[in-house]
Each structure stands twice: as C-alpha cells, then as structure tokens.
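**Q** sequence and predicted structure below; questions after.
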Amino acid sequence: MGSALTRRLAMGLALLVIVVIGGGVGYYLIGRGAWTLGDCVYMTMITEYARAFTVVLLVFGTGSIVYFASTVTAFIIEGDLKNVLFASRLKKRMKRMKDHVVVCGAGSTGRNVIEELLTTGVPVVAIDIRESELREIAEKFPKAEYSYIVGDATDDDVMAGAGLERARGLVAALSSDKDNLYLTVSGRQLSPAVRIVARCAELSHVEKIRKSGADAVVSPNFIGGMRLVSELLRPAVVRFLDDMLRDRRAAYRIEEIRLGDGTVGLGATLREARVRERFGMTVLAVRASDNQSWVYNPDANEKLAPGMTLVVLGSAEQVAELRRATA
C-alpha cells in the first residue's frame, strides 16, 4: 500500500479529530461554561451565536467526515486491488515460464537457493506454505522472473500448477527427508527428464532419495563439515569464493556450458573460439562427454565439438551470451 495513501488516511483522521475537539471547545466558549464539554460536543445550542457556529461547524464537520470516509474506502479498495493485481501478475508470469527451476521450500536452505538462482538470472517458481517468505523475495527481486505458489508442495494439485513439465530443474528443499523423498518420486513421475536435486538431513537417507529418482542429493551437515575443514586448511580459497558470491558489481560464478550445434561456427579449438576475448570468460576445464574425465586448465589447442561441457568463470550475462552462441 502506498505511503501517499497512508498519509491521506492519517490527514483525514487528524482533520476529523480537530473538528470534533474544536467544535466542543467552541460550544463551551459560546455557552460560557454553562454546559459540560461532553454536552458541547453533540448537543445543539439554541442561541443565535451557537446557530451560526453550528452552520460553520456543520460545513467543516461534514466535509471532514466525507474526506475521512473516502480515504478509508480508498485505503481498503486500493490495498485489495493491489493484492489482486499482484496475484494476477504472478499467475500470468507462471503460465509463460519455461526452462525455470521449481524450488519447494523457502526456509533457511530454500531461500538461499531461490535468491542465488534469481541473482544469476534463472527463472524460479517457489512453493511454500508461508506467503510472507515468498513475498519478501518478490520485493527483493522486483525485476526477476519469479513467481510463487502458497501451499503444501507435497500436494499433487499444488505441484501441478508449477509447470514442472516445462522446467529445467526441481529442488526439494523441505525440512523433512520424508517429504523430500516424496517430492522426488512425484517430480520424476510428472517430468521424467527434469533434473532433481534434493536436500537430505540424515546421511543414511541419501541413497534412498537418490534411488527414488534424484539426480543429486545434498546433505547440509556434510557440506558444513567440509566447509569447516576448508576454513581450517585453505582459508584464502574460501575467502575468494565468498567474496565472488557477494560481489555487487557483477554476479561472477563458476558455471557449466553444454556446447550445442552452434559450436561449429564458434571455432574448432579454444584458440579459434577466443572465449576470453569475445565473451570475457576464463575456461577452467573441459570434458568431451559425460563418461570421460575432465581436462583441467586446458590449453589453446583443445578441440571443441557439440556435446562437450565447458566449466567457465564469468558473469551471468557472459554465460548467457556464450550459451546463445553455441546453442
């Protein structure tokens, strides 16, 4: 709700209070103390002076009441209208979304996932039972391709509205391993080709979730332990990665790019492709296919072909440009 409307409401209320108090004091002075202040507020006086004062008070009093009532009405209607328009905008955006990521859960883990995806320019549909969390993210990223559904992600009807069949990925980030297991199974049934990444609190459940259809399972406890070791043994590397994630000038990330048929026009080798000069990115590693090993820090003579995967360091805009060039 706009601050201008709030100021109008406060002004109308203040005007109404001033007229009522001023009218009571005026009647009290006209009656020279003959009536109580309470009587002066609502009783009609019979003297000529009081009649004249009543006419003036009636004009201003009626005007203030009308102004206050219209402001309250606008306050309610405009607020409801704003909410309706916001919900309608979310639904329209969700219907046209494709190649997005569906994130189930906006808690401590899910919210970080959503914000990182939006920061790197990936469209997101979030699902959570708490609208306040989802709304805060929308306000933080007003220009992002972001929509949300308020509801239980384990409800099949709720999940059906997220457009999973058009999505590139599903993140199961609910607090319960059982719920994430269910999301993995139902998500795989709805979209056999979608990539599913699930959160798992207990290490003993990792294999069960993976066998249920998850492409990857992440344990925050395991990751936390590895982070503690990294802080102990390689603090400079950790600081570098953290600073890169927090850099406000550009969202630099280590990304992967799957080369398509457009690679033929890019060049036969890394030297001919001139990735650094044309796109401003550094190629950290390449892999010919999924079943082959990585070539780290490749030299300029490394051959490029459709189907290869590049690991690069660059901004979201640079990565998107190279993806378009090699699609």
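**A** Happy to help now that I have it. None of these values were measured; they are calculated from a predicted model.
**Q** check the gap between residue 147 and residue 134 for me.
**A** Separation of residue 147 from residue 134 (Cβ to Cβ, to the nearest Å): 9 Å. For the C-beta atoms, the positions are set from N, CA and C on the backbone; glycine is no exception.
**Q** name the residues contacting each of those two.
**A** Counting by Cβ atoms under 8 Å, 6 or more residues apart in numbering, the common neighbours of residue 147 and residue 134 are residue 126.
**Q** neighbour count for the two, which is higher?
**A** The neighbour comparison of residue 147 against residue 134 (other Cβ atoms under 10 Å) goes to residue 147, with 24 against 21.
**Q** for the more buried one, what are its contacts?
**A** 90, 91, 93, 94, 97, 124, 125, 126.
**Q** surely the first one and residue 150 touch.
**A** The reference is to residue 90. No - counting by Cβ atoms under 8 Å, residue 90 does not reach residue 150; the two are 10.1 Å apart.
**Q** contacting residues for residue 323?
**A** residue 257.
**Q** so what pLDDT did residue 5 get?
**A** pLDDT recorded at residue 5 is 58.
**Q** how close does residue 321 sit to residue 304?
**A** From residue 321 to residue 304 the distance is 16 Å (Cβ to Cβ).
**Q** so which strand or helix has the spatially most central residue of the chain?
**A** For the chain, the residue sitting closest to the mean C-alpha position, by Cα atoms, centre = their mean, is residue 137 at 3.1 Å. Per DSSP states H and E, residue 137 falls inside helix 131-140.
**Q** with residue 236 instead?
**A** Residue 236 belongs to helix 235-246 when assigned by DSSP H and E.
**Q** end to end on stretch 101-112, go ahead and measure it.
**A** End-to-end distance for stretch 101-112: 14 Å, by Cα to Cα, to the nearest Å.
**Q** which residues does it contact?
**A** Applying Cβ under 8 Å, 6+ apart, the contact partners of stretch 101-112 are 113-114, 117, 122-128, 130, 133-134, 137, 148, 153, 159, 162-164, 167-175, 183, 187, 199, 220.
**Q** fine by me, we can end here.
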